[in-house]
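Trainee: Build me a structure from this.
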Amino acid sequence: MTAPVAIVLAAGKSTRMKSALPKVLHEVGGRPMVEYVLDAARSVGVQRLVVIVGHAADQVRSALAHQAGVEFALQAEQKGTGHAVMQAHNALRNHQGPVLVLTGDAPLMRAESFAALLADQAEHRASCVIGTAETEHNFGLGRIVRGRNGQFEKIVEQKDATPDEQAIREINVGCYVFDCQRLFWALERIQPNNAQKELYLTDCCAILKNAGDPVVASCRLDITEALGVNTRAELARVHQALQDRTFARLMTDGVTIVDPRQTVIDSRARIGVETVIEPFTTIAGAAEIGRGCRIGPHVHLGPNARLPDGARVPPFTAIG
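Mentor: This is a model prediction of the structure:
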C-alpha cells in the first residue's frame, strides 16, 4: 500500500485573536499548535507533509524549518479551503494513493483517528472519507446528512439547513482522507457559488459523489478532537483539554498528581511510576523524571531537567 501524504492548512490569520502571530504558531502546552497535527500525521506513516502557508508565511516556514518531511506551498490570497488545497497540486501531482487533508489549528486530533479514517478509505476504496463526530452542541457546524441506508448524502451548513437537518448531531470536523488524484480532479471543478465567492473543499465531496465515486462519512472522532482555535478563549480551552489528556495518561501509568487544577505538565515529559507531583508545579518540555520521585510544591522543572529515581525536589526550586 502506498504511504499516505498530508496537506496541512496553515495560511490563516489570527484576526479574532487580535494577534500578528500566525494562528497555527500560537502555543498550546508549550508548543505551536500545528506541531501536534504534524506529529499525529507522522504517527500513521505520513512522511511528506505539505503545509499551506499564507499570512506571515515566512514566520511559519521559519518555525517549521526543523520539522522532518515538511515542505511548503504558498496561498498568496486566501480564497477558501478548496483554493488552499489547490496550492499543493504541484508538490503532489504524481502521488498515487491517500492524502490526509488537515487543519493546523486543531491540535487535539489523534493518530488513532487518522488511522481509522485511512482504514475506512482502503476498505471502501473511497475517493473521499469525511471525518465526523457527534455532538449536541452542533450550532454553526456542517451537518452530515445520510440516506435511509445510512450512506452519506451531503454536508449541509447551518444557514442552509432545514429544521430536521438542524437537529442532526453528526457534524463535519474538517478532517478528510482523499484519493489524491481524485481530489485534484474534483478541485478543478469546484465553483465559488457562495456569498464569499470562495472555493470550498467541502464541495469536492458532492462533486465526487455525483460522479459516482464512493464517498464515506466516518464517525471516528470525538468532539474534543474537533476543537479548533479562533480566539484566545478557545486557545485556553484547547490547552486545558490537552492537559486533561496528559494527566489522564500519566495517572493511568502510575503517577500521582495531587491537584491537576494547580499543575502544568508538558505532554512530552516522561515521568516514572510512583512519582508524586505536588500542587503549583510546572514541568516543561521533554523533562525526564525517574520512578518514586516527589516534586514540589511550587517547583519549576525545565525541558533539560533529568531527575534520577527517588529524587526529592523541595518547594521553590527551579531545575533545567
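
Trainee: ok, Gly272 - contacts?
Mentor: Shown in contact with Gly272 (CB atoms under 8 Å, 6 or more residues apart in numbering): Val255, Ile289, Gly290, Arg291, Gly292, Cys293, Asp309. Backbone N, C-alpha and C define where each C-beta goes, glycine included.

Trainee: hmm, 7 Å instead?
Mentor: Residues near Gly272 by CB atoms under 7 Å, 6 or more residues apart in numbering: Ile289, Gly290, Arg291, Gly292, Cys293, Asp309.

Trainee: what do you get for Gly292?
Mentor: If you count contacts by CB under 7 Å, 6+ apart, Gly292 has them with Gly272, Glu274, Thr275, Asp309, Gly310.

Trainee: all helices of the stretch 1-150 of the chain, in order?
Mentor: 33-42, 57-63, 81-86, 89-92, 111-124 (DSSP state H, counting those that start in this stretch).

Trainee: Tabulate the ones you listed (JSON lines), appending mean neighbour count, mean pLDDT and distance to Met17.
Mentor: Output for the helices of the stretch 1-150 of the chain, formatted as JSON lines (neighbours: other CB atoms under 10 Å; pLDDT from 0 to 100; distance: least, CB to CB, whole Å):
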{"stretch": "helix 33-42", "mean neighbour count": "23", "mean pLDDT": "97", "distance to Met17": "12"}
{"stretch": "helix 57-63", "mean neighbour count": "16", "mean pLDDT": "96", "distance to Met17": "15"}
{"stretch": "helix 81-86", "mean neighbour count": "23", "mean pLDDT": "96", "distance to Met17": "19"}
{"stretch": "helix 89-92", "mean neighbour count": "16", "mean pLDDT": "97", "distance to Met17": "29"}
{"stretch": "helix 111-124", "mean neighbour count": "18", "mean pLDDT": "97", "distance to Met17": "26"}
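
Trainee: Let's have these in TSV, adding distance to Ala318.
Mentor: Below are the helices of the stretch 1-150 of the chain laid out as TSV (distance: least, CB to CB, whole Å):
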stretch	distance to Ala318
helix 33-42	25
helix 57-63	27
helix 81-86	43
helix 89-92	44
helix 111-124	33
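
Trainee: of those, which approaches His298 most closely?
Mentor: Nearest to His298, of all these, is helix 33-42, at 28.4 Å by CB to CB.

Trainee: chain center to the top helix by length along the chain: distance?
Mentor: Criterion DSSP state H: the longest helix present in the chain is helix 232-252. Centroid separation for helix 232-252 versus its chain: 14 Å, with CA atoms, centre = their mean, to the nearest Å.

Trainee: Next secondary structure after it?
Mentor: strand 256-257 (DSSP states H and E).

Trainee: So what touches that next one?
Mentor: Phe247, Leu250, Met251, Thr263, Val276, Ile277.

Trainee: The same query, at a cut-off of 8 Å, please.
Mentor: Phe247, Leu250, Met251, Thr263, Ile265, Glu274, Thr275, Val276, Ile277.

Trainee: Check the offset of that strand from the chain's centre.
Mentor: That offset, for strand 256-257, works out to 28 Å (CA atoms, centre = their mean).

Trainee: and if you look at stretch 106-113?
Mentor: 5 Å.

Trainee: gap between the two ends of it?
Mentor: In stretch 106-113, first residue to last residue: 13 Å (CA to CA, to the nearest Å).

Trainee: Could you do stretch 146-158 as well?
Mentor: End to end - CA to CA - stretch 146-158 spans 16 Å.
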